[in-house]
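Q: Structure of the sequence below:
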Amino acid sequence: MKDKFYAYILQLQDTISSKLAEVDGLASFKEDIWERPEGGGGRTRVIENGNVFEKGGVNISGVHGELPKSMQDYFGVKDANFFACGLSLVLHPKNPMVPTVHANWRYFEMYDQEGNIVDQWFGGGQDLTPYYLFDEDATHFHAICKRACDAHNPTFHETYKKKCDDYFWNTHRGEARGVGGLFFDYCKATADMNMEDWYNFVTEVGNSFLEAYVPIVIKRKDLPFTKEQRDWQEIRRGRYVEFNLVHDKGTLFGLKTNGRIESILMSLPPHVQWVYDHHPEKGSEEERLLEVLISPKNWV
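A: Presented below is the predicted three-dimensional model:
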């Protein structure tokens with residue numbers, strides 16, 4: 001399974017990065033091939049200072065070795081080895097009318113000292129973080145997510161949409177990071193879903209990403225915006241940074257397993273503001289966004 005999924009994310013990285021470069025029209029992705037001393041490595045692709053994307057990355061990794069003590073304690077195991085691979089992407093557009101997007105699709109195996117698989121699972125998802133809320137964009141994104149879920153189980157969308165709202169919650173701020181999407185983790189073999197079934201589901205979600213996001217980018221990328229709207233975008237980017245550094249399990253896993261720092265922190269935007277005790281004007285579009293972030297809604 002690990003070889004099959006790794007081959008899939010290699011192909012998906014090519015498909016997504018090629019399409020995004022086409023949409024940008026100016027910048028291309030810079031590629032770095034890296035190796036992890038303890039085992040494995042990855043292929044990082046970053047785009048910067050484009051017509052559309054101020055900064056973004058579409059990265060894959062496949063790492064293996066002894067599970068660090070901190071992670072053994074987390075999983076409640078001893079003397080375990082692991083393999084983990086996945087594709088992770090974040091895109092920060094220049095225009096505040098275009099939402100930031102994040103997605104990842106990953107696979108994990110854990111082994112005993114004899115090399116036997118003792119645990120394995122899939123995880124991933126995709127979520128949208130707008131700075132100005134266009135309801136039809138949120139509806140479109142969630143509709144594509146729902147269609148991918150419904151092809152495998154009619155309960156998946158409601159379940160994984162709720163998990164997304166719960167996971168991407170900035171606890172210290174009392175608000176969501178964005179308008180959500182899908183989040184699933186520890187997807188293991190059961191009587192209803194074997195690992196091949198989970199592979200088919202996760203790859204269906206991965207294949208849906210461009211259809212979920214690119215039409216929104218094309219619709220909004222040339223809209224006019226003011227300096228004040230750009231300032232708001234950078235303030236909200238600060239909340240994005242806070243979540244990634246304080247709460248995100250993927251970031252913490254990478255830091256605790258000696259992951260490549262440049263790839264891990266690729267998700268951080270280049271221009272951010274933290275303004276003391278900032279509040280939007282009453283009745284403004286900025287306030288309307290915050291109302292949705294404080295009380296997540298169902299979009300489809």
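Q: can you give me the helices in the stretch 201-300 of the chain?
A: Secondary structure of the stretch 201-300 of the chain, counting by DSSP state H, counting those that start in this stretch: helices at 227-246, 249-256, 261-264, 285-294.
Q: What is the last one packed up against?
A: Using 3 or more Cβ pairs under 8 Å, 6 or more residues apart in numbering; DSSP states H and E as the contact criterion, the secondary-structure elements in contact with helix 285-294 are strand 175-176. C-betas here are computed from N, CA, C, even on glycine.
Q: what about 10 Å?
A: The contact analysis (3 or more Cβ pairs under 10 Å, 6 or more residues apart in numbering; DSSP states H and E) places helix 285-294 against helix 135-150, strand 175-176, helix 227-246.
Q: thinking again about what came up before, quick one: closest of the helices of the stretch 201-300 of the chain to Lys221.
A: helix 227-246 (13.6 Å; Cβ to Cβ).
Q: which helices and strands sit right next to the closest one?
A: strand 81-93, strand 100-111, strand 117-129, strand 169-170, strand 175-176, helix 249-256, helix 285-294.
Q: Let me know which of these is the nearest to Trp232.
A: Among the helices and strands packed on helix 227-246, helix 285-294 sits nearest to Trp232 (Cβ to Cβ), with 5.4 Å.
Q: Go ahead and name everything in contact with the closest one.
A: Contacting residues not belonging to helix 285-294 are listed as 129-135, 138, 169-170, 173-180, 228-229, 232, 235-236, 239, 278-281, 284, 297, 299 [Cβ atoms under 10 Å, 6 or more residues apart in numbering].
Q: and with 7 Å instead?
A: Helix 285-294 is contacted by residues 130, 132-133, 174-176, 179, 232, 280-281 when judged by Cβ atoms under 7 Å, 6 or more residues apart in numbering.
Q: ok, what's across the strand from the closest residue to Ser267 other than its chain neighbours?
A: Take Ser267 and drop its neighbours on the chain: the residue closest to it by Cβ to Cβ, 6 or more residues apart in numbering is Val90, 4.1 Å away. Taking DSSP bridges as the rule, Val90 bridges to Gly57, His102.
Q: per-residue pLDDT, Val90?
A: With respect to pLDDT, Val90 scores 97.
Q: got it, and Arg45?
A: For Arg45, the predicted pLDDT is 97.
Q: Same check on Leu289?
A: 98.
Q: Next: Phe253.
A: Reading off the model, Phe253 has pLDDT 77.
Q: how far away is it from Leu133?
A: 31 Å (Cβ to Cβ, to the nearest Å).
Q: same check, this time on Val272
A: Computed as Cβ to Cβ, the Val272 to Leu133 distance reads 20 Å.
Q: and if you look at Tyr167?
A: Per Cβ to Cβ, Tyr167 is found 20 Å from Leu133.
Q: any idea of the pLDDT on Leu87?
A: 97.
Q: I'd assumed Trp105 was in contact with it.
A: Yes - in this structure Leu87 lies within contact range of Trp105 using Cβ atoms under 7 Å: 5.5 Å.
Q: shared neighbours, those two?
A: Ile9.
Q: Glu48 contacts Ala27, doesn't it?
A: Yes - the pair Glu48 and Ala27 qualifies as a contact (Cβ under 7 Å) at a distance of 6.4 Å.
Q: And those two? Which one has more around it.
A: Each of Glu48 and Ala27 has its neighbours counted (other Cβ atoms under 10 Å); Ala27 has more, 19 against 15.
Q: hang on, the more buried one in a strand?
A: No - applying DSSP: H, G, I helix; E, B strand; the rest coil, one finds Ala27 to be coil, outside a strand.
Q: do you know how far the closest residue to it other than its chain neighbours is from Leu91?
A: Leaving aside its sequence neighbours, Ala27 sits nearest to Gly50 (Cβ to Cβ, 6+ apart; 3.1 Å). Noted for Gly50: a distance of 10 Å to Leu91, by Cβ to Cβ.
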